[in-house]
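1. I would like to see how this sequence folds:
(2 chains)
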Amino acid sequence: MATGIRDKVAVIGMGCTKFGERWNDGAEELMVEAFQECMEDAGIEKKEIQAAWLGSCFDEVNIGKSALPASMALRLPNISVTRVENYCASGTEAFRGAVYAVASGAYDIALAIGVEKLKDIGYGGLPEFSSAMGTLNQLWMANMTAPGGFAMLATGYAAKYGLDINEVKRAMAHVSVKSHANGAMNPKAHLRRAVTEEQVLNAPQIAYPLGLFDCCGVSDGSACAIVTTPDIAKGLGKKDFVSVKALQLSLSNGTELAYEWDGAHFVTTTKASAAAYEEAGITNPREEISMMEVHDCFSITELVTMEDLHISERGQAPKDIMDGFYDMTGGVPCQVDGGLKCFGHPIGASGLRMLYEMYLQLHGRAGDRQLQNPKFGLTHNLGGFPFMNVCSVAIIGKNGA
Amino acid sequence: MVGITSYGGYIPRYRLSRMVIVQNMAWYFPVIMAVAGGEKAVANWDEDSVSMAVSAAYDCMTGKDRKGLDGLYFASTTMPFADRLNAGIVATALNMREEDVTNADFSSCMKAGTTAAISALGAIEAGTKNNVLVVASDQRRTKMATMFEMFFGDGAAAVLFGKDDVIAEFKGSYSVNCDFIDHYKGYGKEFDYGWEERWVRDIGYGKIIPEAIAGFLAKTGTAIGDFDKVIYPCYFGGTHRGIAKKLGIEKENAQNNLHAVCGDTGAAHPMVMLVAALEEAKPGDKLLVAGFGQGCDVLSFEVTDKINDLKERRGVKGSLANRVELSSYQKFSKFRNLITADLGIRGEANPNTALTVLWRKRKMMFGLVGAKCKKCGTPQFPAQPICVNPDCWTVNEFEDYEFSDKEAKILMFTGDMLSASVDPPAIYGLIGFDGGGRTMLDFTDCELNQVKVGMKSRMSFRKRYSDGMRGFTGYFWKAVPQIEGGDA
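-> Residues are numbered from 1 along each chain as shown, chains lettered A, B, ... in the order given. Here you go, the predicted structure:
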């Protein structure tokens, strides 16, 4: 009988670069920058790392295939390194690989690193993916981009709850205003300027009904984590360390796209979050989750996700959002570090960047953004499209919490 | 009895007023002012001769069994492939039988449509075929500020020939073939090259058509007065009238050349005009139809009572009624790729088409054929080895299920300014088919502000991409929101 991952693995070090348009740096520089911070934090030597996982998504316009780019850049001591790719969950997948490796007893200490160098493609937005979606899909799938794919969710949500699209847009605007306010407090964030609801609503349209400020930043960056067993963490003299409470993944199987779906929620997030709460022993997430970093690739994604995480009731996310429930001072602060919206979204690094913020908060090292005595931090990634996606949910907290 | 058993038409929805061309280009070639009246039908950016042929063919097959077709003859001078059976693309889109059928392209001549019809009728008369679908379609690119630009429109027509339930009995044909070159298009050339109009009018249309019709009358022992409609293409209005005068055709008996509302649709035009005539025909009417180009084909038909039993269809009339003005000459020029606009680096992606995949998935890609689970009855697209219904998940127990003729409701949508598109925003969304099944498709023939969740949509076969590097054109189906048919 599976017992889950709760408290079986400790996170003893993390690092994260500043995200942004890092014109002067390649993936190698970014990885080394995150790795150095992480190693210093962990207080171990490189030779103690026994295995590593690398997360990256658009390898064809980025680092290329295999895990060699990480092994070479970090000069890892000829250990096993595995590259994982699972859309926007790639960073969390790298973490999952390292965590499971330690939990299995195969290794004592493992590294998870995520990186994405997106700003070498020559145009805005995510890389065009017609040649990365498979030889059959490229022949027939709609001429979609990421913003368009998620924008549809807003029309689906409005239709389901009988809302005027402008009501939904106002709540979406608040999502972005909140994230900009938080990002402004974060020196490592890509976008650090606060914006007003008016600015958000009047921005140029990217994909109906999403405007420019409904879309997250496209950034370069890297983040990483060192994990080990709680016993080794204690042996290393770590007190009050952070441990993994839950790690869940859920993938679409075609039902939403080709069978049945209301077009107003994420089937995968609904399932992965419920499984994560059970794994972490959380019965009332609205009360027990202290803070979250969710996949706000677009404002509407965050809005809908609040319901899929079982924190807002179905149809109530706009109200909770407008009430400030997810603001820094609200019941469950969300996107404390600015989120994908403002911290930025180098895909392979994002899952680890989210964990990094939760980790800083749990250690009381989040500076101006520090929340009071957080217990559980939840992170969430959503890769692909609303009707066909990969969702990861992780929960970390103080060991023993 | 051998003859026409069904017909269909397709005229694209965009109409370009000739005055718009004049306003934009008369500074360059003022002569075009002489024909500034009326409008021409313009294919959308994602249409070509093949896609329009598919639309006309589906219209023609309304209420008919597509599996019963023994052959498909495609007539066009603007086929996308020089070597690859273009008729085969249309046939696969119709999900026709692949065994015991003969499909063929009839090309490189304006009378290709009528010649295909004569061949089809010959095969049926000989008893080697029972049902042959002839589809004619043309989408001719023209240089800016030319008479061709003024005269040519885009369109397609389909006529089904057979033995059962004949709506217009075939009464004979007569052809003249001669190498009269009013215009030509050499291999690898983008545009038609024409000779002096006065000669084309007087010695071409004005002489060859009357002589061919006279030849037909003499051969069959009929008189021009026997015919209720005489159908012949000629985009020169004066010459069109002159031919009638020469032959003694009363004004009301000469079929309108559609210059005012559609323009000349090339190899499709005799068929387009024939379909327009059939739409107005009564039992007992006698029709004479001529196709012109390096000679002239003449065919005659007599309409039967069965025409009253024909199921309702869009036809040429319905297509002409579905009309949206294209007021921007620049947009028209871009749609025809006459001007260069930047698509951005995002638009440069040009993945190769895996022909192996296209072969395996031809039913899906061209016919929009999905699957219906034999266990739970769920229609699904695309077909996969395991049923999509989570309460079923039965493996490999399916029958083919066609979505191409199903209506669908829009469930969610967007208009995407980031997508590389010739006509931004790229509109697409999730649609749910009546009777079950859903999928994500590009939308076309609509404006973003008209689209609503809950709106009805119909399927349309369109050009999906043009691989200029390799010369390949890819097709797939798109959803056309029925702007007036929504319930939202």
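2. the domain parsing of chain A - what is it?
-> A:10-120+A:220-235, A:144-213+A:246-398 (automatic domain parsing).
3. From start to finish, how long is the last one in a straight line?
-> What that stands for is domain A:144-213+A:246-398. In terms of CA to CA, to the nearest Å, the two terminal residues of domain A:144-213+A:246-398 are separated by 41 Å.
4. got it, and the first one?
-> Separation of the first and last residues of domain A:10-120+A:220-235 by CA to CA is 12 Å.
5. among the domains of chain A, which is nearest chain B?
-> domain A:144-213+A:246-398 (3.3 Å; CB to the nearest CB). From N, CA and C alone the C-beta is placed, and that goes for glycine too.
6. Just give me how far the helix or strand encompassing A:Lys245 sits from the chain centre.
-> Element membership for A:Lys245, per DSSP states H and E: strand A:242-251. Strand A:242-251 has its C-alpha centroid displaced from the chain centroid by 12 Å (CA atoms, centre = their mean, to the nearest Å).
7. can I assume B:Ala479 sits in a strand?
-> Yes: assessed with DSSP: H, G, I helix; E, B strand; the rest coil, B:Ala479 lies in a strand.
8. Could you check the pLDDT of it?
-> Here, the pLDDT recorded for B:Ala479 equals 98.
9. Go through chain B and flag its longest strand.
-> In chain B, taking DSSP state E as the definition, the longest strand is strand B:456-467.
10. mind listing what residue 81 touches?
-> Answering for chain A, as no chain was given. A:51-54, A:67-68, A:70-71 (CB atoms under 8 Å, 6 or more residues apart in numbering or on different chains).
11. my bad, the chain I had in mind was chain B
-> Taking CB under 8 Å, 6+ apart, one finds B:89, B:473 in contact with B:Phe81.
12. quick one, phi psi at it?
-> Main-chain torsions, B:Phe81, degrees, to the nearest 10: phi -120, psi 130.
13. ok, back up a step: helix or strand next in line after the strand holding A:Lys245, which one?
-> helix A:255-258.
14. and the strand holding A:Lys245, what does it pack onto?
-> Contacts defined by 3 or more CB pairs under 8 Å, 6 or more residues apart in numbering or on different chains; DSSP states H and E place strand A:242-251 against strand A:10-16, helix A:90-103, helix A:267-280, helix A:347-362, strand A:388-398.
15. Rebuild these as CSV, extending it with mean neighbour count, mean pLDDT and distance to B:Ala116.
-> Below are the helices and strands packed on strand A:242-251 laid out as CSV (neighbours: other CB atoms under 10 Å in any protein chain shown; pLDDT from 0 to 100; distance: least, CB to CB, whole Å):
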stretch, mean neighbour count, mean pLDDT, distance to B:Ala116
strand A:10-16, 25, 98, 68
helix A:90-103, 28, 98, 55
helix A:267-280, 22, 98, 51
helix A:347-362, 29, 98, 54
strand A:388-398, 26, 98, 43
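16. The residue of the stretch 1-150 of chain B found nearest chain A: what secondary structure?
-> Here the stretch 1-150 of chain B gets closest to chain A at one residue, B:Asp46, 10.1 Å apart by CB to the nearest CB. Secondary structure for B:Asp46, judged by three-state DSSP, is coil.
17. where does the residue lying closest to it once chain neighbours are set aside sit relative to chain A, distance-wise?
-> Distances taken as CB to CB, 6 or more residues apart in numbering or on different chains put B:Arg462 closest to B:Asp46, at 4.3 Å, once the chain neighbours are dropped. To chain A, B:Arg462 is 11 Å away according to CB to the nearest CB, to the nearest Å.
18. Who is B:Arg462 paired with across the strands?
-> Beta-bridge pairing for B:Arg462 (DSSP bridges): B:Phe476.
19. Next one, pLDDT for it please.
-> 98.
20. Please apply the same query to A:Glu128.
-> At A:Glu128, the pLDDT value in this model is 87.
21. That one - that's part of a strand, no?
-> No: using three-state DSSP, the assignment for A:Glu128 is coil, not a strand.
22. burial measure for it, as a count.
-> 22 (other CB atoms under 10 Å in any protein chain shown).
23. List the contacts of it.
-> Neighbouring residues of A:Glu128 by CB under 8 Å, 6+ apart: A:145, B:346, B:349, B:420.
24. what's the closest non-adjacent residue to the last one?
-> Using CB to CB, 6+ apart and skipping residues adjacent in sequence, the residue nearest B:Ala420 is B:Gly347, 3.2 Å away.
25. Dihedrals phi and psi, the one you found?
-> According to degrees, to the nearest 10, B:Gly347 has phi -80, psi 0.
26. A:Val84 against A:Asp59, yeah?
-> No: assessed by CB atoms under 8 Å, A:Val84 is found out of contact with A:Asp59, at 10.9 Å.
27. more neighbours, those two?
-> A:Val84 (22 against 17).
28. for chain A, what are the nearby residues on the stretch 201-350 of chain B?
-> Residues of the stretch 201-350 of chain B lying close to chain A by CB under 8 Å from any CB of the partner chain are B:344-346, B:349.
29. which of those lies closest to B:Thr102?
-> If you rank those by distance to B:Thr102 using CB to CB, B:Ala349 comes first, at 38.5 Å.
30. which ones are touching the closest one?
-> A:128, A:130-131, B:420.
31. Could you rerun that using 7 Å?
-> By CB atoms under 7 Å, 6 or more residues apart in numbering or on different chains, B:Ala349 lies in contact with A:128, A:130-131.
32. How about B:Ile427?
-> B:413, B:415, B:443, B:446, B:448, B:451.
33. Which entries in the residues you listed are shared with the contacts of chain A?
-> B:413, B:415, B:448 (CB under 7 Å from any CB of the partner chain).
34. For the first one, which non-adjacent residue is spatially closest?
-> Right, the one you point to is B:Phe413. B:Gly429 (2.9 Å).
35. quick one: B:Leu418 and B:Phe301, what's the gap?
-> 53 Å (CB to CB, to the nearest Å).
36. ditto for A:Asp262
-> Noted for A:Asp262: a distance of 54 Å to B:Phe301, by CB to CB.
37. Between these two, point out the one with more neighbours.
-> Taking other CB under 10 Å, A:Asp262 and B:Phe301 do not tie; B:Phe301 has more neighbours (28 against 15).
38. Got the phi and psi for that one?
-> phi -140, psi 150.
39. shouldn't it be in contact with B:Ile167?
-> No: counting by CB atoms under 7 Å, B:Phe301 sits too far from B:Ile167 to count as a contact (8.9 Å).
40. what residues do these two have in common as contacts?
-> Both B:Phe301 and B:Ile167 are in contact with B:Ile4, where contact means CB under 7 Å, 6+ apart.
41. ok so, going back, what sits against the residue nearest to B:Asp46?
-> For B:Arg462, the contact set (CB under 7 Å, 6+ apart) comprises B:46-47, B:51, B:444, B:475-476, B:478.
42. One more: A:Lys398?
-> With contacts defined as CB under 7 Å, 6+ apart, the neighbours of A:Lys398 are A:240, A:242, A:362, A:375.
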